[in-house]
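[1] Compute the structure for the input listed below.
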Amino acid sequence: MSQFERTAGTPLRTQSRYGYSAIGRRRPFLWPNGARLALYFALGLEEYSCGEGLAENLVGGGAHPDVLNGSWRDYGNRVGAWRVLEAFQEYGLPLSILLNSAVCESAPELVMAAKGQGCELIAHGYSNSDTLQGLSEQQEAGYLRSVAMQIQEFSGDRPAGWSSPWIAETERTPDLLAEAGFSYVLDFCMDDQPVWLRTRSGRLLAVPYSQEINDSSAIIGRQMSADAFSLMVIDQFEELRRAPQGPPVVMSVILHSFISGQPFRLRALRRAVEHILQSGEKLWITQPGEIARLSRQVAYV
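    The predicted model follows:
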C-alpha cells in the first residue's frame, strides 16, 4: 500500500523496541549531586581498512591510493587523540572512548594511555570500515562477541557499552547485544533520558547519544566550521539548563580524533568546554557507563 492509498486508521508499520513516553510526564529524579544535567564527552578512536569498506572522508572523489583521506584519518590516532586526551586531563574531566578494537593492534599505546587516564572503553566494532548490515545472525553474534573479547583481553575490562560503526544495525542487533552481555547501547537518539529497549532476552538500556552535537555529522557532513560546532555545544548546554525545574536530562558531545583533534578545532572546542565549566551550573560530568548504572532505577520504556 502506498502513502496515497492508505486510509485513515490503517496502522503504520512501527518499530517495537520502545514505546511512546512524554518527557514531562515521567517520574522525577535527580542525577548525583542534585544535578539536573548529566554530561558526557565521547571520543572516537577508529581504524580503517586501507582502500576498502566504508570510510570517513575529508574530501570526496579522491584517487586510489587515497593518500589525502587516508593520512588525514591516520592523524587522529598518531596526533589528534593525544591532544584531546591531554586537554581533558588538563581540565580534570572524564572522557569516554568509542573504540574500534583494531586500534588495540595498530596503536596499543594510545588505548593504554586512555585507559590509564580513566577513560571508559566502549566497543565500537572492529574497524570503522565495517558495518553490521548484511551480516547473518550467526555472523553478527560472532562479530559482537569477538570485539568485546579483544577489548577485554587487551585492557583487562570487558566493555559494558556498544556503539555500532556508522550507527548501522540489523533488526537483530539489540537482541544480540543483550545476549552478548552488553548492558547498554549508544545507537539511539530519540530521547534526552535513558530508555529501556525490548529484546527477546529481556531489556537493554539505550543511553542518549547525539547525532547533532557530533563533530562528524556537523563538521564533515554539514560542512560547518569549528566555531559553529563550538557554538552548537554552548547553545545545547544553555538551552538544557534554562529550565531549573525541568526534567533531568543527558547531554552528549561526540568527538573524533582526526576531526576535533586538529589544533584549530580543538581550540574552538576548548571555548565550549570552558564556557560550561565557568557557568556555575550544578552538573554531573560523567561517562555513559555511570549513567547506565544509575539509570537502571529511573529509565523509561
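
[2] From residue 167, how far out is the residue lying closest to residue 217 once chain neighbours are set aside?
    Once flanking residues are discounted, residue 217 sits nearest to residue 211: 5.7 Å by Cβ to Cβ, 6 or more residues apart in numbering. (Glycine included, C-beta is placed from N, CA and C.) Between residue 211 and residue 167 the distance, using Cβ to Cβ, to the nearest Å, works out to 7 Å.

[3] Repeat that for residue 117.
    On the measure of Cβ to Cβ, residue 117 and residue 167 end up 26 Å apart.

[4] Residue 12 too?
    In terms of Cβ to Cβ, residue 12 sits 23 Å off from residue 167.

[5] repeat for residue 149
    According to Cβ to Cβ, residue 149 stands 23 Å off from residue 167.

[6] ok so residue 141 is a helix residue?
    Yes. Residue 141 sits within a helix when classified using DSSP: H, G, I helix; E, B strand; the rest coil.

[7] what's it in contact with, if anything?
    Counting by Cβ atoms under 8 Å, 6 or more residues apart in numbering, residue 141 touches 176, 179, 180.

[8] Can you flag which of those belong to helices?
    When DSSP state H is applied, these are split such that 176, 179 fall in helices.

[9] Make CSV out of the contacts of residue 141 and add pLDDT, distance to residue 201 and neighbour count.
    Shown next, in CSV, are the contacts of residue 141 (pLDDT from 0 to 100; distance: Cβ to Cβ, whole Å; neighbours: other Cβ atoms under 10 Å):
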residue, pLDDT, distance to residue 201, neighbour count
176, 98, 10, 26
179, 98, 5, 17
180, 98, 10, 19
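
[10] Tell me which residues of stretch 115-129 come out buried.
    115, 119, 120, 121, 122, 123, 124, 125, 126, 127, 128, 129 (16 or more other Cβ atoms under 10 Å).

[11] State the helix or strand in which the fifth one lies.
    Looking back up the chat, that one is residue 122. Here residue 122, judged by DSSP states H and E, is contained in strand 120-123.

[12] lowest average confidence, helix or strand, in the protein?
    Of all helical and strand segments in the chain, the minimum by mean pLDDT, DSSP states H and E falls on helix 67-75, at a mean of 91.

[13] Skip ahead from that one and say which helix or strand is next.
    Remark: after helix 67-75, the chain's next helix or strand is helix 81-91, criterion DSSP H and E.

[14] Figure out how far that next one is from the centre of its chain.
    18 Å (Cα atoms, centre = their mean, to the nearest Å).

[15] So for it, mean pLDDT?
    Averaged across helix 81-91, pLDDT comes to 98.

[16] Kindly calculate the angle that that helix makes with helix 67-75.
    Interaxial angle, helix 81-91 versus helix 67-75 (axes from the mean of the first three to the mean of the last three Cα atoms, to 10 degrees): 30 degrees.

[17] Now do the contacts for residue 168.
    131, 132, 133.

[18] Could you tell me the per-residue confidence at it?
    pLDDT, residue 168: 94.

[19] Name the residues that touch the helix or strand containing residue 266?
    For residue 266, the host element (DSSP H and E) is helix 263-277. By Cβ under 8 Å, 6+ apart, the residues outside helix 263-277 that reach it are 39, 80, 83-84, 87, 91, 93, 215, 219, 225-227, 229-231, 233-234, 237, 253, 255, 259-260, 283.

[20] Which ones among those map onto helices?
    Per DSSP H, these map to helices at 83-84, 87, 91, 215, 226-227, 229-231, 233-234, 237.

[21] Of those residues, just say which sits nearest to residue 60.
    residue 215 (17.8 Å; Cβ to Cβ).

[22] and the closest one, what is it in contact with?
    Going by Cβ under 8 Å, 6+ apart, residue 215 touches 229, 254, 255, 256, 259, 260, 265.

[23] before we move on, what about residue 37?
    Contacts of residue 37 by Cβ under 8 Å, 6+ apart are 31, 237, 240, 241, 248, 249, 250, 251, 281, 282, 283, 284.

[24] Type out the PyMOL command that picks the buried ones from those residues.
    Buried residues within those, by 16+ other Cβ under 10 Å, are selected in PyMOL with:
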select buried, resi 31+237+240+241+248+249+250+251+281+283+284
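
[25] Would you format the contacts of residue 37 as JSON lines with distance to residue 51 and pLDDT included?
    Listed next are the contacts of residue 37 as JSON lines, based on distance: Cβ to Cβ, whole Å; pLDDT from 0 to 100:
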{"residue": "31", "distance to residue 51": "45", "pLDDT": "94"}
{"residue": "237", "distance to residue 51": "40", "pLDDT": "97"}
{"residue": "240", "distance to residue 51": "42", "pLDDT": "95"}
{"residue": "241", "distance to residue 51": "46", "pLDDT": "92"}
{"residue": "248", "distance to residue 51": "46", "pLDDT": "93"}
{"residue": "249", "distance to residue 51": "42", "pLDDT": "95"}
{"residue": "250", "distance to residue 51": "38", "pLDDT": "97"}
{"residue": "251", "distance to residue 51": "37", "pLDDT": "98"}
{"residue": "281", "distance to residue 51": "47", "pLDDT": "90"}
{"residue": "282", "distance to residue 51": "49", "pLDDT": "92"}
{"residue": "283", "distance to residue 51": "44", "pLDDT": "95"}
{"residue": "284", "distance to residue 51": "43", "pLDDT": "97"}
